[in-house]
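Undergrad: here is a sequence together with a model predicted from it:
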Amino acid sequence: MAELNLPILDLSQLDAGEEAAARFRDDLRAATHDVGFFYLTGTGVTDELERRLHRAAKDFFALPEDDKLAIENVKSPHFRGYTRIGGERTQGAVDWREQIDIGPERTAVHGGPGYNRLIGPNLWPEAQPELREVVAEWHEHLSGVARKLLRAWALALGAAEDYFESNFGDPSTLIKIVRYPGSHEPEPQQGVGAHKDSGVLTLLWVEPGKGGLQVERDGTWVDAPPVDGAFVVNIGELLEYATDGYLKATNHRVVSPKAPDERISIPFFFNPALDARLPLIELPAELAAQARGVTKDPANQIHALYGENALKSRLRAHPDVAAIHHADLVGAPA
């Protein structure tokens, strides 16, 4: 990792013969054991689809405030829709960004475990019907990329190729379309604070040429600038759990751009069904010997059941939604 940058992996190597595929799996295992982050090229996402999604994102944030607030997330008990600037928290501190959250389109479920409250319909802007179409295309393509990666991870960890698929059920996904406005402050400001993702896998698209993402490595914050044609990929807490800490979920954050610049980024989170519990992978002996155990943080318990981990994250990130719709869960176990 020259100059503390992240490794670049080419997903198309999985289709370039067994020798190339084996190399890719070795590199994938090493990157996520050592750092938990890497760049991914060769995904097959077209420039045209990227441009359409980027344009749709910019058009959404350019809508009149009333159109955006018509789908504000405080109206959704499922944590969907638009979050205004300053409306989200990381470790209690305000994140300086605005965004729209889009999950699986479902009918709301009443009763059952607390995490069932995450199931429900999305909120779409009436003023921009084309957003829904391009997001659906993005979701379909990136779901395929995520499944391909997870099959490679399973083999790299000594498990059956379908290990993750057999334990995922109906995947829980989340797309966040995010705008970081520029800051006039002289010191770097929190776009989003330091955190680990609560699920399994994140594929991040970043507006070309826009920096700000930083990854913690060996106690130091390292810049992860965008690479043309590449996604930034990181693992979440659940993959750390499933490997008993052999793979590493890593703290990361975003520093606000300097005004008048701004930054669009679109993370795609691919996770198990809310009621899925990932069993521990039986690692080969040489890998098991390097497993570090799951991170112990009293302020951030990692749950094996994905729905509990997801609900934990949503309640603390959106305290206004939690207070309005889920007062009975605030401060209670998931």
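TA: Thanks, I have it. Residues are numbered from 1 along each chain as shown.
Undergrad: which SS state does residue 148 fall under?
TA: Using DSSP: H, G, I helix; E, B strand; the rest coil, the structure places residue 148 in helix.
Undergrad: residues in contact with it?
TA: Shown in contact with residue 148 (CB atoms under 8 Å, 6 or more residues apart in numbering): 11, 14. For glycine as for every other residue, the C-beta is placed from the backbone atoms N, C-alpha and C.
Undergrad: how much space separates it from residue 324?
TA: Distance of residue 148 to residue 324, computed by CB to CB, to the nearest Å: 39 Å.
Undergrad: now swap in residue 97 and tell me
TA: Taking CB to CB, one finds residue 97 at 21 Å from residue 324.
Undergrad: of those two, which one has the most company?
TA: residue 97 (24 against 14; other CB atoms under 10 Å).
Undergrad: could you check how far the more buried one is from residue 212?
TA: Distance, residue 97 to residue 212, by CB to CB: 10 Å.
Undergrad: if I look at those two, which residues touch both of them?
TA: Jointly contacting residue 97 and residue 212 under the rule CB under 8 Å, 6+ apart are 180, 191, 254.
Undergrad: partner residues bridging residue 234?
TA: On the basis of DSSP bridges, residue 234 takes part in beta bridges with residue 37, residue 202.
Undergrad: quick thing: my sequence starts at 35, can you match it?
TA: Got it, the first residue is 35 from now on, which makes the last one we talked about residue 268.
Undergrad: which stretch of helix or strand covers residue 212?
TA: Residue 212 is located in strand 206-214, with elements delineated by DSSP states H and E.
Undergrad: run me through the strand neighbours of that strand, direction for each.
TA: strand 132-136 (antiparallel), strand 297-305 (antiparallel).
Undergrad: can you list the buried residues in the first one?
TA: Residues 132, 133, 134, 135, 136 are the ones in strand 132-136 that count as buried (16 or more other CB atoms under 10 Å).
Undergrad: and for stretch 346-364?
TA: 346, 347, 348, 349, 350, 351, 352, 355, 356, 359, 360, 363.
Undergrad: hmm, who's touching that stretch?
TA: If you take CB under 8 Å, 6+ apart as the criterion, stretch 346-364 is touched by 107-108, 110-111, 113, 117, 121-124, 126, 148, 151-152, 232, 335, 337, 345, 368.
Undergrad: which members of those are classed as buried?
TA: For those, buried by 16+ other CB under 10 Å: 107-108, 110-111, 113, 117, 121-124, 148, 151-152, 232, 337, 345, 368.
Undergrad: what about those, which are in strands?
TA: Cross-referencing these against strands under DSSP state E gives 117, 122, 123, 124.
Undergrad: residues contacting residue 240?
TA: So residue 240 contacts 247, 260, 266, 297, 298, 299 (CB under 8 Å, 6+ apart).
Undergrad: which stretches of this structure form strands?
TA: 42-44, 71-75, 115-117, 122-124, 127-129, 132-136, 206-214, 224-229, 235-240, 247-251, 254-257, 265-269, 286-289, 297-305.
Undergrad: low-confidence ranges in the stretch 35-184 of the chain?
TA: 35-38 (pLDDT under 70).
Undergrad: ok, and the closest non-adjacent residue to residue 300?
TA: Take residue 300 and drop its neighbours on the chain: the residue closest to it by CB to CB, 6 or more residues apart in numbering is residue 239, 4.6 Å away.
Undergrad: contacts only, for residue 54.
TA: 47, 48.
Undergrad: how about the one 5 residues further on?
TA: Remark: with contacts taken as CB under 8 Å, 6+ apart, residue 59 is in contact with 186, 187, 189, 190.
Undergrad: could you check how far it is from residue 322?
TA: Note on residue 59: its distance to residue 322, by CB to CB, is 17 Å.
Undergrad: among the buried residues of stretch 346-364, which are in helices?
TA: 346, 347, 348, 349, 350, 351, 355, 356, 359 (DSSP state H).
Undergrad: quick check, nearest of those to residue 159?
TA: For these, the minimum distance to residue 159 (CB to CB) is 18.4 Å, reached by residue 355.
Undergrad: per-residue pLDDT, the closest one?
TA: At residue 355, the model reports a pLDDT of 96.
Undergrad: follow-up on the earlier one: could I get the strand holding residue 212 in PDB with only the CA atoms?
TA: The C-alpha coordinates for strand 206-214 follow below in PDB (Å, rounded to 0.1, in the frame of the first residue of the first chain):
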ATOM      1  CA  SER A 206     -31.600  -5.700   3.200                       C
ATOM      2  CA  THR A 207     -30.200  -2.900   1.100                       C
ATOM      3  CA  LEU A 208     -29.900   0.800   1.600                       C
ATOM      4  CA  ILE A 209     -29.000   3.500  -0.900                       C
ATOM      5  CA  LYS A 210     -28.100   6.900   0.500                       C
ATOM      6  CA  ILE A 211     -27.800   9.800  -2.000                       C
ATOM      7  CA  VAL A 212     -25.700  12.400  -0.100                       C
ATOM      8  CA  ARG A 213     -24.700  16.000  -0.700                       C
ATOM      9  CA  TYR A 214     -21.900  17.600   1.500                       C
END
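Undergrad: thinking again about what came up before, could you dump the strands of the chain to CSV with distance to residue 199?
TA: Shown next, in CSV, are these (distance: least, CB to CB, whole Å):
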stretch, distance to residue 199
strand 42-44, 21
strand 71-75, 19
strand 115-117, 30
strand 122-124, 31
strand 127-129, 33
strand 132-136, 23
strand 206-214, 14
strand 224-229, 27
strand 235-240, 13
strand 247-251, 28
strand 254-257, 33
strand 265-269, 17
strand 286-289, 27
strand 297-305, 12
